[in-house]
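Predicted model and sequence below, questions to follow.
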Amino acid sequence: MVDPRVIALCLEFGIEIVPANKYPDIGQTRAVASIQRIIERFGEHHARAVMRTLAETANNKALLDESGLWAASDLLRAYAKVYQERPSDWFEVWDAAPVGELQFVAQQLRGFVKIRPALAGMVQERLYKRFGKWADQPDLYDDRRQA
């Protein structure tokens, strides 16, 4: 049985849940277990931000699979301050990034590299170009951090 929180979240963003044996189309997901785990680990607010990032930005409704959901979750946690303080800038980067194409490229490494970190790394490169070093991550070699 699908967790009612997952159903509600998918309904909120117009995402259709399809059976696990069906290949999802754009705007569909079969990754209900991933969405549930994201809710359980990081809360509904975070899961909503993940869904919003993927469902409300250009060309990203195809990324509603395990790798896409978790990569977005990882990056939202890494760039939490940017998402909270500059949400329109956050969404501009995701709108401009060809994330579906990047996921296709990452999948070419299947069997050699896990898709989630490969995809997150490629999107991270674009986020870093826009936002630079995120505020919550100290530079390990920065002597100024020792006061």
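Nice, I can see it. Numbers count the residues shown, from 1 in each chain.

tell me the contacts of Thr29?
By CB atoms under 8 Å, 6 or more residues apart in numbering, the residues touching Thr29 are Cys10, Ile15, Glu16, Ile17, Val18, Ile35, Leu64, Asp65, Leu69. All C-beta spots, glycine's among them, are computed from the backbone N, C-alpha and C.

secondary structure element for Pro24?
Assigned by DSSP states H and E, Pro24 falls within no helix or strand.

Please apply the same query to Arg110.
Arg110 belongs to no helix or strand, assigned by DSSP H and E.

separation between it and Pro98?
19 Å (CB to CB, to the nearest Å).

who's more crowded, the two?
Pro98 (14 against 11; other CB atoms under 10 Å).

how about the residue nearest the centre of the chain, what does it touch?
Most central in the chain under CA atoms, centre = their mean is Ala72, positioned 1.1 Å from the mean C-alpha point. Neighbour list for Ala72: Val50, Thr53, Leu54, Leu63 [criterion: CB under 8 Å, 6+ apart].

Quick check: which element contains the residue nearest to the second one when sequence neighbours are not counted?
Nearest-residue entry for Thr53: Ala72, 5.0 Å, with adjacent residues in sequence omitted and distances by CB to CB, 6 or more residues apart in numbering. Under the criterion DSSP H and E, the helix or strand holding Ala72 is helix 66-78.
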